[in-house]
Every structure is written in C-alpha cells, then in structure tokens.
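Asks: Any chance you can model this:
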Amino acid sequence: MTRTAIVLGAGMVGVSCALALQKRGIAVTLIDRKEPGRETSYGNAGVLAASSILPLNNPALYGKVTSYLGNRHPALNLSWRRAFSRPGWLLRFLWEARPSQGAARIAALQALTASTVERHRALMAEAGVSHRLRENGTLKLWRTEAGHEAARAEHDFLKSHGIESQILDRQGISGIEPGLKPIFPAGLLIPCVGSVDSPGAVTAAYAALFAERSGRIEQAAVTGLARNGNGWRASTAAGSFDADIAIVALGPWSGDLLKPLGIDPKLDVERGYHRHLKPEAGTALSRPVYDADGAYYMAPMEQGYRITSGVDLSFRDAPDDHRQIDSVTASAREAFPLGEVVGETWRGARPTLPDSLPMIGEAPRNPGLWLAFGNQHIGFSTGPITGEMIAAMVCGEKPPIDPTPFRPGRYIG
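Replies: Just a heads-up that it's a prediction; the model follows:
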C-alpha cells in the first residue's frame, strides 16, 4: 500500500518537502491557506545564501545590543511590549550567542547552505524556470573607511571555511556595478551566492511541478492537527485530510498548530518588509547588493528593485510599522537612482528559534509527526535540502547531511 503524507505549509520548505517525499513514491497532499509561495517565501531578497554560515546571534551581537535598544538603528525595531511578553525567549536567544557555541553552529549552517545553488539549479531546470536564476554572486557594501577592515575580516572568515570572496575598493565596486553611486569605499563580492528574480514565482513553479507529478494541492486554512489511529488528521476550513505522516512546515505559524498537542518548539518570529521601486532610465544592477551600514538588501526583481528592511521584533500580527522600510528606502535612494514606488509595501514574518538553526526531524513522543520550520532568514535558500532531509529520514535513508544539530528534541522535551 502506498504511504501517504500531508504537508502543512506551501512555502519553499513545505513545497520542497512535498517534492522530496513524492520522489520517493509517497502520495502527498500539500495544504496552505494561500497559494504556494505567497507568504514568507514571497518576501525575501531572493538570495541563495551559500555564504550565510554565521548565526545572527553570534558573539558580536553582545557589542551591538546597546545600539539597538533605542530603535535608532535600521537593522532592528524592538517592541518592548513584545519583548516583555516573552522575556525568557529573548534571554535564551542572547544566551545562545555565547562563544562556546560558535564553531558548532557555523559548521551546521555551512552544511545546510553549501549545496543551495546546486539544488535550486536542478529544481529550476525540472520546473522550467532556469531563466530566473543568476549565478553572479552578491555584493556587500560599506559606507565608511572602516568598511575596509570589516571587508577584510569577513573575507578572512569566509576563506577559513573554504568560501572565496573578493575585496573591492571604490573603483572595483564601480567596475562591476557602475549604476551604484560612488558612496561605498569598500565592498565584498561573494561569487558562490546565487539569486533569483522572483522568489514567489520560483516557489510557485516548484509547486506546479509537484502538481504535474500527480501531487495534490489544497488551498485551505489549517485549523487543527491530531493523531488519527496510527496516522494524522489535519482539519481545515475545507474539511479533514488523513495521512500516515504529517509534516509541519508552516513557518511562523507552526507553533500555533502544535500548541494544542502540548508541543512548544520555542518558536518566535521576526517581521520584515519590502518595497519595490523602479530604477531611473539607463541604470541597472546585475546582482543583489547589501548595504551593511544601511541594513537593507537591494535586489533586481521582476517587479522592480526590491528594498528589504531589517528585523521588526513586534508581535507577529501587529499593524504595520513602516519606519524601518521608509528609512532604508531613503538610504537606498542615496546609493542608486531609484524612481517611483511600485505597488504596496509588503510585510511578512520569519520563523526563528533561539539558536538560529531550523528544526528538522520527527517530534519527540509523536511518531509520524515531522517538523520542518525555523529556517529564519535562509528558508528560501535551504528549503530544498530541508525537504531532502525530511524525506530521507521518513524513508529510513541516510540524510544528505547530519541532522543532529537540527533535531527537534533540543527544544521539545
């Protein structure tokens, strides 16, 4: 008899899980309240972050905390009401940044990100969207002379982990991105990083590939999850769906679904915004750029030039607060000739665990319930390998990388 699975969540991680399970002969139903790729996977900078191996909460965070507290830095907006609602989580996040944990976290993230371009390249070819892939790297920029030292330090760090990069001065930056205004004295080109021109469209294309291979997609809000005999039942606004196994890949909403089961994955969220702008005539960027001092990505997209904000630590469902995106839009205009805004400002949320690593594996004491969330800022990049890890473990195969650092048991007793 064919094994069955329900995958809850049709972002990059959920769609990747569905494809990987389907490839192994499992009949999969993919369920989400929106069309595939319309939530968190839609709103990122489209970067395939093969070099994102340093956790956000690394030891350097301790030296930056005081500059963040007054909400004067574009990298972070902190709602004190939200912070005091879960002080234990915030303290755990800070505690997890201690130096003794650094090497192991870096190794785990490098294993997770190393094959991201390769895996996406293969999936894009299968889905017929290879034209959306760029493989010309990403460019990190600094606005002050101190950026030379920062670029050198990052170059040396990446090199020590086998990742090549190229330090650029003002002239070198202009040589590869002549459309940028000459306000950046230092930059770092990281060639191994890929990017796409529409992360939402790529996710949707992968979902279409899943459907073409006889996968089932249901657009309905998931209202509950419960044990059903030896399997699992998902309740939705459109009815119930039963399967042998269930994979929870609902990103920042995963904790809501798990709470009635008595499971607390220690999940929190980071909100973020993006805005599209037209470039002025005759100007262009060939790759995403990150303004380290301005704390924003500017990425050429199908819809225009996407400007992404820093982290907004407000309640997940609180009203929009456009202070950060307004600030970084102004900074982006200083760096590149941008015209009018296209469409509405978008807001989304990223799932975050205290150690900046995702949760990938079977839930303790809940056989057949698999968890795949918490990929933080790199879910679009790491969705395909996360799906392969889940599918391999479900089928008793050896996962492509060691799953131990991502085991749910580290936070779920």
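
Asks: Give the residue spans of the stretch 151-300 of the chain that score low on pLDDT.
Replies: For the stretch 151-300 of the chain, applying pLDDT under 70 flags no range at all.

Asks: That one: helices as residue ranges?
Replies: For the stretch 151-300 of the chain, the helices defined by DSSP state H, counting those that start in this stretch cover 170-176, 199-212, 254-258.

Asks: which one of those helices is the most hemmed in?
Replies: helix 199-212 (a mean of 22; mean count of other CB atoms under 10 Å). Placement of C-beta: from N, CA and C, glycine included.

Asks: roughly how far is it from the heart of the chain?
Replies: 17 Å (CA atoms, centre = their mean, to the nearest Å).

Asks: CA atoms only for that helix - export them in PDB, please.
Replies: The C-alpha trace of helix 199-212 is given here as PDB (Å, rounded to 0.1, in the frame of the first residue of the first chain):
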ATOM      1  CA  PRO A 199      11.300  34.000  -5.100                       C
ATOM      2  CA  GLY A 200       7.500  33.700  -5.000                       C
ATOM      3  CA  ALA A 201       7.300  32.700  -8.700                       C
ATOM      4  CA  VAL A 202      10.100  30.100  -8.200                       C
ATOM      5  CA  THR A 203       8.200  28.600  -5.200                       C
ATOM      6  CA  ALA A 204       5.000  28.500  -7.300                       C
ATOM      7  CA  ALA A 205       6.900  26.800 -10.100                       C
ATOM      8  CA  TYR A 206       8.200  24.100  -7.800                       C
ATOM      9  CA  ALA A 207       4.600  23.600  -6.600                       C
ATOM     10  CA  ALA A 208       3.400  23.400 -10.200                       C
ATOM     11  CA  LEU A 209       6.000  20.700 -10.800                       C
ATOM     12  CA  PHE A 210       4.700  18.800  -7.800                       C
ATOM     13  CA  ALA A 211       1.100  19.100  -9.100                       C
ATOM     14  CA  GLU A 212       2.200  17.900 -12.600                       C
END
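
Asks: What helices and strands are in contact with it?
Replies: Judged by 3 or more CB pairs under 8 Å, 6 or more residues apart in numbering; DSSP states H and E, the packing partners of helix 199-212 are helix 12-23, strand 27-32, helix 116-127, strand 216-219.

Asks: So which of the ones you listed is nearest Ala60?
Replies: Nearest of the helices and strands packed on helix 199-212 to Ala60, taken as CB to CB: helix 116-127 at 23.7 Å.

Asks: That closest one: what's the following helix or strand?
Replies: Note on helix 116-127: by DSSP states H and E, the next helix or strand toward the C-terminus is strand 133-134.

Asks: In the sheet, which strands lie alongside that following strand, parallel or antiparallel?
Replies: According to DSSP bridges, strand 133-134 forms sheet pairs with strand 194-196 (antiparallel).

Asks: who touches the partner strand?
Replies: For strand 194-196, the external contacting residues (CB atoms under 8 Å, 6 or more residues apart in numbering) are 45-48, 50, 116-117, 120-121, 132-135, 138, 202, 287-288, 299.

Asks: From the residues you listed, keep the buried residues only.
Replies: 45-48, 50, 116-117, 120-121, 132-134, 138, 202, 287-288, 299 (16 or more other CB atoms under 10 Å).

Asks: what's in contact with the strand or helix carrying Leu91?
Replies: Element membership for Leu91, per DSSP H and E: helix 87-95. Outside helix 87-95, the residues that touch it by CB under 8 Å, 6+ apart are 57, 61-62, 65, 83, 266, 268, 352, 354.

Asks: Could I have the buried ones of those residues as PyMOL selection syntax?
Replies: Buried residues within the contacts of helix 87-95, by 16+ other CB under 10 Å, are selected in PyMOL with:
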select buried, resi 57+266+268+352+354
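
Asks: so of the contacts of helix 87-95, which ones are in strands?
Replies: 268, 352 (DSSP state E).

Asks: Tell me the one among the contacts of helix 87-95 nearest to Gln166.
Replies: Nearest to Gln166 out of the contacts of helix 87-95 is Leu61 (CB to CB; 26.9 Å).

Asks: Sounds good, over and out.
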